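> Provided below for reference: sequence and predicted model.
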Amino acid sequence: MAKHLLPPLPGTQYNMLVSHVPFNKTAIDRVIRNATFITILRHPVANYESIFGFMKIANYLNIEQNTSQDPFHMFLSNTAIYSKRINDSYHKTLLKNRQIFDVGLDLKNHNNETLVDNVIQKASEEFDLVLIADYFDESLVLLKKLLCWDFEDILYLQQNKRNNKLRFDIDNWKRQRILEINKADYKLYQHFNKPFWRKVEAYGDNFHKDLATFRDMLQKMRSECVDEDRFIIDYEERRNATTLKNNAAAYCNDLNNNGFNIPASKQNSTSFHAIK
């Protein structure tokens, strides 16, 4: 990373790194020193179903359509067979314990309980905040406090919403099968779910008031910006892209293009795993 990144502008420094990258604190320290480290986890069941659908794993593995079983069920029933069809390292990381891989566990070690525990413990020491995607608004309120931001800084429009054709129902059997395949991810999620709610409790009595204020702002923004009756299917028919109202305010375009509405004073940056 340090070798390939362009140097910051004269008299400035990188102060955010937001990237899909397996976590390595030592490497990131070379780019952003004395950073605050943040990541996000999602319940393994929801995450795995999302990966299978959005990444079109059924097409990649040539799983034939079956009227009695959906492709996801067929995959979960025959993972040993379908795994033999995976011939690239990227898809191998997607289909088993992807989240703990991103936190720093090598793929070949996901069945080693000692190394799994070591990576989880190390992550506990190195990350200042682990957000939970299943509680996204609550996570952003915690993030706002940690970084001394304002509500306006965490406003967001939902993007990359998966096309409904790429969604699969989850029954009890699928849920248990997913958890069997992703034991290390589930252990990671359970470990960080508890301290997440301790941080909510430590926030104090104002947490629920601030959460309600934030959600009111989100609702107002959505009603002013988003055309609920229209969306665009893009990215190889994978996602339903947000469509703005014809008369939407200028700030709506900023949010739609940039995601987090981070003000200019906080934008001389590239990223989000690490924030200074």
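Everything's here; your move.
> how about the nearest residue to D134 once chain neighbours are set aside, phi and psi?
Distance criterion CB to CB, 6 or more residues apart in numbering; nearest residue to D134, sequence neighbours excluded, is H43 at 5.4 Å. C-beta here means a position set from N, CA and C on the backbone, and glycine is covered the same way. Backbone torsions of H43, given as degrees, to the nearest 10, read phi -50, psi 130.
> residue contacts, H43?
133-134, 189 (CB atoms under 8 Å, 6 or more residues apart in numbering).
> Quick check: bridge partners of R239?
For R239, the beta-bridge partners are R162, D234 (DSSP bridges).
> Which pLDDT value goes with it?
The per-residue pLDDT reported for R239 equals 74.
> Hmm, N164 and it touching each other?
No. Counting by CB atoms under 8 Å, R239 does not reach N164; the two are 10.5 Å apart.
> Neighbour count: these two, which is higher?
When R239 and N164 are compared on other CB atoms under 10 Å, the one with more neighbours turns out to be R239, at 18 against 9.
> Contact partners for the more buried one?
Contacts of R239 (CB under 8 Å, 6+ apart): 54, 159-163, 233.
> which element is K122 on?
helix 113-126 (DSSP states H and E).
> for that helix, packing partners?
Counting by 3 or more CB pairs under 8 Å, 6 or more residues apart in numbering; DSSP states H and E, the packing neighbours recorded for helix 113-126 are helix 98-103, helix 183-203.
> which residue ranges form the helices in the chain?
Remark: helices assigned in the chain by DSSP state H are 25-29, 44-54, 57-60, 71-77, 79-83, 89-94, 98-103, 113-126, 136-147, 172-181, 183-203, 207-225, 250-258.
> Highest mean neighbour count out of those helices?
helix 98-103 (a mean of 22; mean count of other CB atoms under 10 Å).
> could the helices of the chain be laid out in CSV, adding mean pLDDT and distance to S19?
Output for these, formatted as CSV (pLDDT from 0 to 100; distance: least, CB to CB, whole Å):
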stretch, mean pLDDT, distance to S19
helix 25-29, 86, 9
helix 44-54, 96, 18
helix 57-60, 94, 23
helix 71-77, 95, 29
helix 79-83, 92, 28
helix 89-94, 93, 16
helix 98-103, 96, 11
helix 113-126, 97, 16
helix 136-147, 97, 17
helix 172-181, 98, 26
helix 183-203, 97, 19
helix 207-225, 95, 25
helix 250-258, 78, 16
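> Kindly reformat the ones you listed as TSV containing distance to I154.
What follows is the helices of the chain, written out as TSV (distance: least, CB to CB, whole Å):
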stretch	distance to I154
helix 25-29	23
helix 44-54	22
helix 57-60	32
helix 71-77	33
helix 79-83	38
helix 89-94	29
helix 98-103	22
helix 113-126	23
helix 136-147	4
helix 172-181	30
helix 183-203	14
helix 207-225	7
helix 250-258	11
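> Ok, which of the ones you listed comes nearest Y14?
Across the helices of the chain, Y14 has its closest neighbour in helix 25-29 (10.2 Å, CB to CB).
> Figure out which of the helices and strands packed on helix 113-126 is closest to L142.
helix 183-203 (5.6 Å).
> Can you name every helix or strand that that closest one contacts?
Using 3+ CB pairs under 8 Å, 6+ apart: helix 183-203 touches strand 36-41, helix 44-54, helix 98-103, helix 113-126, strand 129-132, helix 136-147.
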